[in-house]
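> need coordinates for the below:
(one chain, ligands or ions: 3)
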Amino acid sequence: MTDNPPRVVSGTNVGPVDASVLPRFAGPATFARLPRIDEVSDVDVAVVGVPFDTGVSYRPGARFGPTHVRESSRLLRPYNPALDVEPFGRQQVVDAGDIVANPFSLDEAITGIDRGARSLLERAGRLLTIGGDHTIALPLLRAMAHKHGPVAVVHFDAHLDTWDTYFGAAYTHGTPFRRASEEGLIDQSGCLHVGIRGPLYSSADLTDDVELGFQIVHAREMEDLGTRGVAERIRARVGDRPVYVSVDIDVLDPAFAPGTGTPESGGLLSRELLAILRSFATLNLVGADIVEVAPAYDHAEITGIAASHAAYELLSAMALRHPAK
Ligand SMILES: N=C(N)NCCCC(=O)O
Ligand SMILES: [Zn+2]
Ligand SMILES: [Zn+2]
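Ligands and ions are numbered 1, 2, ... in the order given. Below you'll find the model as predicted:
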């Protein structure tokens, strides 16, 4: 039974293991119990892990994020009523396993992640990456820009991640978007952060950030704007540019995502994040990541489940832009 489990199939697309035959808690944990990449021939979206946390400034442990999000995704069902779409039925989604990243060399890890992502993009139209600390967004953006040219970026995070260096190091989880901007990987007229909050090093952090091409929707604006207002701000900034979405799970309040490395009080509700991601069905999504899940600080899969649902909404939004097969 587990060698060849019964699956939910829709046209030519092979979906999750059928939970009415094989219980959700049984069998190996691929993302949403989807097929592995070697089990299908055509791939629209590859979900891929990057178990890496050598770039963190505070609590380590995001190297265990991919495994934890997969384990926390067993309960995802095939139909998304909020968007009236079957994200695994309308497009072929697979679990592509993990990209190996050298835990002892940041430089080698960054090169390896870029190479791994580029080779996956030869097979899959889009990638949804599960990290890993936020350092990995830089090589992922290199791979995206290689395929699409400079991309707009919608970055959900408590932190700007446009700082320059830490202890003299240029490649860390606090610096990927400054490097990406310097390297010309992002379209500076189409980028914004959502959920920024907490103390900064100085006011220059904010002026630098503007020069690097970012606008900000602060967490403190959430209540007044509402999710619809935030979605409108994002759509107005991004337009129909190719857009990459990077979700640092610490954008959520620590109540909703305790399992992360640099938590800040006063964050988004998971309900707010999911609503904003759902609105991306009208954007030209080329790829996404969900990073900074550190399971050692999680409880009862709270953070893992939030991350798996964020991934599900992103896959649903991608499905709606995908021509039905
Ligand atoms: N990317 C994340 N999660 N955090 C960056 C925090 C950088 C700092 O320690 O100031
Ligand atoms: Zn963060
Ligand atoms: Zn971050």
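> roughly how far apart are residue 94 and residue 46?
Look at residue 94 and residue 46: by C-beta to C-beta, to the nearest Å, they are 6 Å apart. Heads up, the C-betas are built off the backbone N, CA and C, glycines and all.
> joint contacts of those two?
37, 124 (C-beta atoms under 8 Å, 6 or more residues apart in numbering).
> tell me the residues of the stretch 51-200 of the chain that contact ligand 3?
When proximity is defined by C-beta under 5 Å from the ion, the stretch 51-200 of the chain lies next to ligand 3 at 134, 157, 159, 161.
> hmm, the first one is touching residue 173, no?
The reference is to residue 134. Yes: if you go by C-beta atoms under 8 Å, residue 134 and residue 173 touch, sitting 4.0 Å apart.
> pull the number of nearby residues for residue 296.
Neighbourhood size, residue 296 [other C-beta atoms under 10 Å]: 12.
> quick check on it: phi, psi?
Taking degrees, to the nearest 10, you get phi -60, psi -30 for the backbone angles of residue 296.
> which non-adjacent residue is nearest it?
Spatially, and ignoring its direct neighbours in sequence, residue 296 is nearest to residue 61 (4.4 Å; C-beta to C-beta, 6 or more residues apart in numbering).
> shared neighbours of residue 134 and residue 173, which are they?
Common neighbours of residue 134 and residue 173, using C-beta under 8 Å, 6+ apart, are 55, 161, 292.
> and the residues you listed as JSON lines, adding secondary structure, distance to ligand 1 and pLDDT?
Listed next are the shared contacts of residue 134 and residue 173 as JSON lines, based on DSSP: H, G, I helix; E, B strand; the rest coil; distance: C-beta to the nearest ligand atom, whole Å; pLDDT from 0 to 100:
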{"residue": "55", "secondary structure": "coil", "distance to ligand 1": "8", "pLDDT": "98"}
{"residue": "161", "secondary structure": "coil", "distance to ligand 1": "5", "pLDDT": "98"}
{"residue": "292", "secondary structure": "coil", "distance to ligand 1": "5", "pLDDT": "99"}
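> close to ligand 2 as well: tell me which of the residues of the stretch 51-200 of the chain next to ligand 3 qualify.
Checking these against ligand 2 (C-beta under 5 Å from the ion), the matches are 157, 159.
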